[in-house]
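Sequence and predicted structure below; questions after.
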Amino acid sequence: MSSTQEGANVASRGLPVWMAAGSWRKPGVKELFLDAARFVVSRPATFALPAVVTCIVSGVGGVGLALAGRNFYPSAPLAATVSAGASSAFLIALLLTPYVGSSAMSAALSLWGGARVHFERIRWYRLLGTTLYLAIPVTLLTKLFPPGMVAIPFYIWWAFAPYVVLLEGDGGRTALRRSRMLSVGEFSATALPVALSLAVFYAGLIAASRLVPQHPAGFLPSDSGGYQRTLAEGEKYDPTTRILTHPDGKASTVPADATYDAETRTLHVAPPPEVAVTVALTWVGVPWLLAMLLEPIRWTVLAWVYLNLRIRREGLTPAEAFDELRRDT
């Protein structure tokens, strides 16, 4: 069969033309995401259930963890509680990816090879161990955002480990090494698509972090819900000018609403106004709902990049690759 004919056959099954004939070519990032979006939209039945499960489980889990934290810290501002719940919801959604995202791989392989693919049951259990490893960078990213973004390279290296478990049978650290081996030297084909697939998650985490007001520099949270700063030895404060002079002679200003207790040499700042529940939920809820709506596209992008890397880097034709994967599964 000629390349043109095979490309037409692949396209007629609903897969991108770059999946056809000879060694696959590397698609552009824009092309990859547009093709993934078309694939998802054309098959709502395939992705509806896993998308709904992700939405419900992550949403309920985020709310539950937020309420639990509220019970432990009843004096915590509402904004902080909602922010913690949002980051927990994003964390749970990312942890579910290896399981619910398998629907994208199964759909692509079934259409590509013309036969339904079934994964061995033991591999679903092995997937749990790999998910626990993935939980390390994912937790850092979501719960310590933005400093936790230093863990993104590890997530990029390990993003394909779940597919290695399901299709190749390797589990745990072996799957992580295999995933990293596939992605090394392929920044434009791996790092950029994986990072962009998390773009809406970044937006949601930014919204959640911005919901909590930043405390004044040099001040620490107080039991009253506000902030306080005890002057160190050698520091002097002038209430009329609101100038704080440091031992080295440098000066800084303090917030206009700060009060000074000369007896204890302590500056106090009142707690920020409480954020309305509707405002807080809208602020973090919109990006979260958008992320859940786009989740199937992210799953598809990750599955396709894995297949693309295997075929291009191992010199297989699409037919040979599918036969091998079908034997493995």
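Cool, got the structure. Numbering: from 1, shown residues only.

how near is Ala191 to Asp261?
Ala191 sits 53 Å away from Asp261, going by C-beta to C-beta, to the nearest Å. Heads up, the C-betas are built off the backbone N, CA and C, glycines and all.

between those two, which one's more packed in?
Counted by other C-beta atoms under 10 Å, Ala191 and Asp261 do not tie: Ala191 has more neighbours, with 16 against 11.

shouldn't that one be in contact with Gly185?
No - Ala191 lies out of contact with Gly185 (C-beta atoms under 8 Å); the separation is 10.5 Å.

tell me the domain ranges of the protein?
3-213+275-328, 220-269 (automatic domain parsing).

So which of these has the densest surroundings on average?
domain 3-213+275-328 (a mean of 18; mean count of other C-beta atoms under 10 Å).

Break down this structure into its strands, ranges please.
Secondary structure of the chain, counting by DSSP state E: strands at 220-221, 227-230, 236-238, 243-245, 251-253, 259-261, 266-269.

Which one, of the ones you listed, ends up nearest to Leu78?
Taking C-beta to C-beta, strand 220-221 is the member of these nearest to Leu78, at 15.0 Å.

Check which helices and strands that closest one is in contact with.
Under the contact criterion of 3 or more C-beta pairs under 8 Å, 6 or more residues apart in numbering; DSSP states H and E, strand 220-221 touches strand 227-230.

how close does Glu295 sit to Arg177?
27 Å.

now swap in Val63 and tell me
Look at Val63 and Arg177: by C-beta to C-beta, they are 37 Å apart.

about what we covered before: reformat the domains of the chain into JSON lines and put mean pLDDT next to each item.
Output for those, formatted as JSON lines (pLDDT from 0 to 100):
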{"stretch": "domain 3-213+275-328", "mean pLDDT": "84"}
{"stretch": "domain 220-269", "mean pLDDT": "84"}
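
Determine the longest helix present in this protein.
Under DSSP state H, the helix in the chain containing the largest number of residues is helix 277-314.

chain center to that one, what's the gap?
Mean-position distance between helix 277-314 and its chain equals 8 Å (C-alpha atoms, centre = their mean, to the nearest Å).

Identify the residues contacting Ala79.
211-213, 274-275, 280 (C-beta atoms under 8 Å, 6 or more residues apart in numbering).

now do Trp288
Contacts for Trp288 (C-beta under 8 Å, 6+ apart) come out as 59, 86, 89-90, 204.

These in helices, which ones?
Judged by DSSP H, the subset of these located in helices is 59, 86, 89-90, 204.

Going by distance to Thr142, which of those residues wins?
For the ones in helices among the contacts of Trp288, the nearest to Thr142 is Phe90 (5.0 Å; C-beta to C-beta).

which residues in this protein form helices?
3-12, 29-41, 44-72, 78-100, 102-113, 121-143, 152-158, 161-168, 172-183, 192-197, 199-211, 277-314, 318-328.

Go through those helices and name the closest to Gly234.
helix 78-100 (33.6 Å).

how big is the angle separating that closest one from helix 121-143?
160 degrees (axes from the mean of the first three to the mean of the last three C-alpha atoms, to 10 degrees).
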